[in-house]
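> Below: sequence and its predicted model.
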2 protein chains.
Amino acid sequence: MATRVLLVDDHALVRDGLRRSLEVYKIHVAGEAGDGATALRLVAELDPDVVLMDVALPDMDGVAVTKQLVAAHPEVPVVMLTMYGDQATIGEAIAAGAAAYVVKDCTTAEIAAVIDEVAAGETALSPALAETMLRAAHRGGVAILSAREREVLQLIAEGSSTTEVAARLYITPKTTKNHLASIYHKLEATDRTQAVLQGLRKGIIRLR
Amino acid sequence: MATRVLLVDDHALVRDGLRRSLEVYKIHVAGEAGDGATALRLVAELDPDVVLMDVALPDMDGVAVTKQLVAAHPEVPVVMLTMYGDQATIGEAIAAGAAAYVVKDCTTAEIAAVIDEVAAGETALSPALAETMLRAAHRGGVAILSAREREVLQLIAEGSSTTEVAARLYITPKTTKNHLASIYHKLEATDRTQAVLQGLRKGIIRLR
DNA sequence: AGTGATTTGAGTCGTTCGACCTATCGATCT
DNA sequence: AGATCGATAGGTCGAACGACTCAAATCACT
């Protein structure tokens, strides 16, 4: 029997193409959603075998939707689909409970294979895939910031000043500046603007 | 006879889906390219009726490829495809000589229609489409920066300081600061970091 | 037990930034 | 023809920033 999938992607074009491509591999698209709210509704309605979700959604984050989905329907595995294999998103996707993580670079056959595996009950994020992905992300020369440094950079990227970051993290402005200096070193940036842009390029932080 | 198209997109998945979708509308994909160099080679080899090109390419910019393509093969119209209807890219695409500009939001039928129109010789960027797109971009609450202001913001986003921007634009640092002040007003930002991030969100500038 | 990384905090010093104000010149619009 | 807008340029001033150096506590890994 064909695997029944719910497609979640904000681009009608991509959904359309994906549906036709997957059907070649005997995977049936039971429904399509262009946003997170619809996705949540349709999962309840259609009870698909697998949800294939793009991380970039208009109303909410694909990761946020995944979290809610996993909470509400733990029996339905979610396969996350993304343009880039960026560190931050992969980490969050795993934390959110995604069953698999696929980059849009791969072939339709590969995605179909992953969907079937996941549908067959291999709900755990396959270690091989996770390792490959993480290593791929690292290969890209990603300078790894410490947890605290990432927090600081994310807040800076949300428009906070040094003092505001300090207030929100309950540390002194001086410490914040020290973290920033460390970030500049690791990212080879000379100011906060460059640091934020580097962080975005390397996928360390995200645009909100 | 079916229209012969060359697909240019770095994601195999998207190409695959697009090909199957387009075939439903009697549009034949004569070839696929994952990068700009391959695209240029295949146009010469295959002589397609239309090139359907994504703006985001790994080796070079879709806009740059389009420019070279238009220069080398002015008889082959290029349809630009993008995720977002961002102001900056639309402007550049028009300047590069693209025959049409399509957002990935629209349906397969719409794209197929545009391809057929373009193939039929309506090489000029259809004014209606351009207008619609531009208005759509405006509707999104896009604060419109002047050409000069966009240049300044783009350079800032590439890591330049005020003085460096000034040097690259052959103006004084003072004028650069004035442009920046104007940008802050229009984008409701208080510093360069926020301005760059707003610019990215609104699609006024691009991450390079 | 010791080495190293992380987190927190501090001081100094020169540079840069951003806000506010004015002004000229040319183009475009009404 | 007058008005508006954009690009250019100048000035002042206080606040924020970034570079450099130092130090102590904590935790992990060896």
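Perfect, I can see it now.

> what's the domain layout of chain A?
A:3-137, A:147-202 (automatic domain parsing).

> and DNA strand D, which of those domains is closest to it?
domain A:147-202 (3.2 Å; Cβ to the nearest atom of the strand). Using the backbone N, CA and C atoms, a C-beta is placed for each residue, glycine as well.

> A:Thr172: neighbour count?
The local packing of A:Thr172 (other Cβ atoms under 10 Å in any protein chain shown) involves 12 other residues.

> go on, A:Ala71?
10.

> Help me confirm that it is found in a helix?
Yes. Assigned with DSSP: H, G, I helix; E, B strand; the rest coil, A:Ala71 falls within a helix.

> Please produce a markdown table containing the domains of chain A, extended by distance to B:Arg4.
Converted to a markdown table, these look like this (distance: least, Cβ to Cβ, whole Å):
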| stretch | distance to B:Arg4 |
| --- | --- |
| domain A:3-137 | 19 |
| domain A:147-202 | 37 |
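
> Any idea which of those has the lowest pLDDT on average?
If you rank the domains of chain A by mean pLDDT, domain A:3-137 sits at the bottom with a mean of 75.

> any idea how far the residue of chain A most remote from its centre is from chain B?
What lies farthest from the middle of chain A is A:Lys174; by Cα atoms, centre = their mean that is 32.9 Å. According to Cβ to the nearest Cβ, to the nearest Å, A:Lys174 and chain B sit 20 Å apart.

> now swap in A:Ala33 and tell me
Taken as Cβ to the nearest Cβ, the span from A:Ala33 to chain B is 14 Å.

> One more: A:Cys106?
The value you get for A:Cys106 to chain B, if Cβ to the nearest Cβ is used, is 7 Å.

> which residues touch that residue?
B:12-13 (Cβ atoms under 8 Å, 6 or more residues apart in numbering or on different chains).

> Could you identify the longest helix within chain A?
As assigned by DSSP state H, the longest helix anywhere in chain A is helix A:173-187.

> what's around the closest residue to A:Asp9 other than its chain neighbours, how many residues?
Closest residue in space to A:Asp9, ignoring its immediate chain neighbours: A:Asp54 at 4.1 Å, by Cβ to Cβ, 6 or more residues apart in numbering or on different chains. A:Asp54 has 20 neighbouring residues, counting by other Cβ under 10 Å.

> Repeat that for the one 10 residues further on.
Around A:Ala64 there are 14 other residues, counting by other Cβ under 10 Å.

> Skipping adjacent residues, who's closest to it in space?
A:Gly36 (7.0 Å).

> isn't the one you found right next to A:Val65, touching?
Yes. Judged on Cβ atoms under 8 Å, A:Gly36 makes contact with A:Val65 at a distance of 3.9 Å.

> Which one's more surrounded, these two?
A:Val65 (27 against 22).

> how about that one, secondary structure?
helix.

> before we move on, the earlier item: so for B:Leu169, which of the domains of chain A sits nearest?
Checking those against B:Leu169 by Cβ to Cβ gives domain A:147-202 as the closest, at 17.4 Å.

> Can you name the residues that contact the spatially closest residue to A:Gln154 that is not a sequence neighbour?
Nearest in space to A:Gln154, with sequence neighbours left out and distances taken as Cβ to Cβ, 6+ apart, is A:Ile205 at 4.7 Å. By Cβ under 8 Å, 6+ apart, A:Ile205 lies in contact with A:88, A:150, A:153-154, A:157, A:196, A:199.

> near DNA strand D, which residues of chain A?
A:161-163, A:173, A:177-178, A:180-181, A:184, A:190-192 (Cβ under 7 Å from any atom of the strand).

> Go again with 6 Å.
When proximity is defined by Cβ under 6 Å from any atom of the strand, chain A lies next to DNA strand D at A:161-163, A:177, A:180-181, A:184, A:190-192.

> Now compare those and name the two farthest from each other.
Across those, the longest distance by Cβ to Cβ is 20.7 Å; it joins A:Thr163 and A:Thr190.

> Pull the host helix or strand of A:Gly17 out as CSV, backbone CA atoms only.
Using DSSP states H and E, A:Gly17 falls within helix A:12-24. What follows is helix A:12-24, C-alpha atoms only, in CSV (Å, rounded to 0.1, in the frame of the first residue of the first chain):
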residue,chain,number,x,y,z
ALA,A,12,2.4,25.9,-4.3
LEU,A,13,4.9,25.3,-7.0
VAL,A,14,7.2,23.2,-4.8
ARG,A,15,4.3,21.3,-3.4
ASP,A,16,3.0,20.5,-6.8
GLY,A,17,6.4,19.3,-8.0
LEU,A,18,7.0,17.3,-4.9
ARG,A,19,3.6,15.6,-5.2
ARG,A,20,4.2,14.5,-8.8
SER,A,21,7.8,13.4,-8.0
LEU,A,22,6.8,11.4,-5.0
GLU,A,23,4.0,9.6,-6.8
VAL,A,24,6.6,8.1,-9.1
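
> ok, back up a step: quickly note the distance from the residue nearest to A:Ala64 to A:Glu45.
15 Å (Cβ to Cβ, to the nearest Å).

> And A:Thr175, by the same measure?
Per Cβ to Cβ, A:Thr175 is found 50 Å from A:Glu45.

> How about A:Arg150?
In terms of Cβ to Cβ, A:Arg150 sits 38 Å off from A:Glu45.

> sorry, back to before: of all the domains of chain A, which one is nearest DNA strand C?
It's domain A:147-202; of these, that one is closest to DNA strand C (Cβ to the nearest atom of the strand) at 3.1 Å.

> Next, see if the closest one gets close to DNA strand C.
Yes. Using Cβ under 6 Å from any atom of the strand, domain A:147-202 reaches DNA strand C at A:147-149, A:171-172, A:174-175, A:178-179.

> Please report the separation between the first and final residues of that domain.
One end of domain A:147-202 to the other measures 15 Å (Cα to Cα, to the nearest Å).

> For chain A, list the residues in contact with chain B, please.
Within reach of chain B by Cβ under 8 Å from any Cβ of the partner chain, chain A has these residues: A:10-14, A:16-21, A:24, A:83, A:104-108, A:111, A:156-157, A:159, A:161, A:189-194, A:196-197, A:200-201, A:207.
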